[in-house]
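[1] Sharing a model that was predicted from the sequence below.
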Amino acid sequence: MAQRLALQRLLSLPARGSLASHGRAFGTSAGRRSTFNVQDGSDFQDRVVNSPKPVVVDFHAQWCGPCKILGPRLEKLVAKQEGKVLMAKVDIDDHTDLAIEYEVSAVPTVLAMKNGDVVDKFVGIKDEDQLEAFLKKLIGA
């Protein structure tokens, strides 16, 4: 019980790092700043649809095995882009409305968004070379 309370206190501390102004930083290391968990529809609108940078949107679920493989692989490659692209993580069980709006019928589903529009998409797991090509196409490299 004491450990749980300590963990809750730790998690309620303000986030440090460049995203602290949003109060929702996913982590504080340089590689993690470009990745964030979507909090709600308004957060998605602000940080994905209205983003000046391209955004990779990872629709996933906690119970999805392939998602657990793809997520970290994609995060690593997004971090290597050094801020040229952001990554939004959307748990379909928490944000069913967003999954329906973006016609997600299976997980993992990954969307590439630029200027608020979906410009590319894939469903399922990809290897690092395929993911790198997906990101390069999105950022125009």
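    Structure's in. What do you need?
[2] Off-centre distance for whichever helix or strand Ile100 is part of?
    According to DSSP states H and E, Ile100 maps onto helix 96-101. Here helix 96-101 is found 15 Å from its chain centre; the criterion is Cα atoms, centre = their mean, to the nearest Å.
[3] Just checking: what are the partner strands of the next helix or strand along the chain from that helix?
    Using DSSP H and E, the helix or strand that follows helix 96-101 in sequence is strand 109-114. For strand 109-114, the paired strands and their directions (DSSP bridges) read strand 55-60 (antiparallel), strand 117-123 (antiparallel).
[4] export these to TSV and tack on distance to Ile100?
    (Each C-beta comes from the backbone N, C-alpha and C, glycine too.) Formatted as TSV, the strands paired with strand 109-114 follow (distance: least, Cβ to Cβ, whole Å):
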stretch	distance to Ile100
strand 55-60	11
strand 117-123	14
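[5] Any idea which of those strands gets closest to Asp94?
    Asp94 sits nearest to strand 55-60 of all the strands paired with strand 109-114, at 10.5 Å, using Cβ to Cβ.
[6] got the contact list for the helix or strand that the closest one is followed by?
    Once the chain leaves strand 55-60, the next helix or strand it forms, by DSSP H and E, is helix 65-80. For helix 65-80, the surrounding residues in contact (Cβ atoms under 8 Å, 6 or more residues apart in numbering) are 30-32, 34-35, 56, 58, 60-61, 85-87, 89, 107-108, 110, 124-126, 128, 131-132, 135.
[7] my read: Asp97 touches Phe44, true?
    No: between Asp97 and Phe44 there is no contact under Cβ atoms under 8 Å: 9.5 Å.
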